[in-house]
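**Q** Below: sequence and its predicted model.
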Amino acid sequence: SAVISQKPSRDICQRGTSLTIQCQVDSQVTMMFWYRQQPGQSLTLIATANQGSEATYESGFVIDKFPISRPNLTFSTLTVSNMSPEDSSIYLCSVGSPPEEQYFGPGTRLTVT
Amino acid sequence: KNQVEQSPQSLIILEGKNCTLQCNYTVSPFSNLRWYKQDTGRGPVSLTIMTFSENTKSNGRYTATLDADTKQSSLHITASQLSDSASYICVVSVVGDSSYKLIFGSGTRLLVRP
């Protein structure tokens, strides 16, 4: 299994600002994923982050709003840009190691006021 | 359309009682089915994973079943404890030519009362 940590665990941000969420894994993994979980909802995949290439975004999510970095095989960041109250969610990173084994981080609870 | 539906949406039981959560899926091509437990404010934690050929899988007081013919799965919790209060999410893997995708159910919120 993989141990995943996220920073920050929670934050309250003002409308129009940006927040960068960090995801650290205790082992090298090829595929990392970023999910959003809106209040009372299940998880929705935002994008897949592969080291050495641009992230692949799902329908409804764009790079300008959710830029992702993947500088190495153990770390990734997700930025939520120009936030609005609708961005209030839990953001989770997960890793596939090997593919189809999915482990999730503890999540970052974001509230936008 | 690939879809995973769970029922009930929420459930309240008394401590010590058993309960069963349901998951129906219309996913193709099917790879595996997982049940996750998600405590409030935490990330999901895998309970069981079953492939096409497996009918049942246990993890302590949690037992998952899979009927690939009817495309149904259930999660049975025995002798419930207060710590079982959480959301339980059914997730089905779809395998493509060079990638895979997870289809998430909307979850069942379980509340165990003393």
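**A** Perfect, I can see it now. Numbering: from 1, shown residues only, chains lettered A, B, ... in the order given.
**Q** List the contacts of the residue in chain B that chain A sits nearest to.
**A** Relative to chain A, the nearest point of chain B is B:Gly43 (3.7 Å; Cβ to the nearest Cβ). Yep, even glycine has a C-beta here, placed from its N, CA and C like the rest. B:Gly43 sits next to A:Ile4, A:Leu92, A:Ser94, A:Phe104, A:Gly105, A:Pro106, A:Gly107 when contact means Cβ atoms under 8 Å, 6 or more residues apart in numbering or on different chains.
**Q** ok, which of those also contact chain B?
**A** A:Ile4, A:Leu92, A:Ser94, A:Phe104, A:Gly105, A:Pro106, A:Gly107 (Cβ under 8 Å from any Cβ of the partner chain).
**Q** From those residues, which land in strands?
**A** Within those, residues falling in strands by DSSP state E are A:Ile4, A:Leu92, A:Ser94, A:Phe104.
**Q** Name the nearest of the residues you listed relative to A:Val80.
**A** Of all those, A:Val80 sits closest to A:Leu92, with 12.9 Å by Cβ to Cβ.
**Q** bridging residues for that closest one?
**A** Beta bridges link A:Leu92 to A:Tyr35, judged by DSSP bridges.
**Q** Return the residues of chain A in contact with chain B.
**A** Going by Cβ under 8 Å from any Cβ, the residues of chain A near chain B are A:4, A:41-45, A:90, A:92, A:94, A:96, A:99-100, A:102-107, A:109.
**Q** and residue 58, backbone torsions?
**A** No chain specified, so I'll use chain A. phi -80, psi 160 (degrees, to the nearest 10).
**Q** I was after chain B.
**A** With angles defined as degrees, to the nearest 10, B:Ser58 sits at phi -120, psi 150.
**Q** Could you check how far it is from A:Leu110?
**A** 36 Å (Cβ to Cβ, to the nearest Å).
**Q** Which members of the residues of chain A next to chain B are classed as buried?
**A** A:4, A:42-43, A:45, A:90, A:92, A:94, A:96, A:102-107, A:109 (16 or more other Cβ atoms under 10 Å in any protein chain shown).
**Q** Check chain A for the residue nearest chain B and tell me.
**A** A:Phe104 (3.7 Å).
**Q** Contacts only, for that residue.
**A** Residues in contact with A:Phe104 (Cβ under 8 Å, 6+ apart) are A:Ile4, A:Tyr35, A:Leu92, A:Cys93, A:Ser94, B:Tyr36, B:Gly43, B:Pro44, B:Val45.
**Q** need the residues you listed in TSV with distance to B:Ile103, can you?
**A** Shown next, in TSV, are these (distance: Cβ to Cβ, whole Å):
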residue	distance to B:Ile103
A:Ile4	21
A:Tyr35	13
A:Leu92	16
A:Cys93	19
A:Ser94	14
B:Tyr36	13
B:Gly43	18
B:Pro44	14
B:Val45	19
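**Q** Brilliant, that's me finished.
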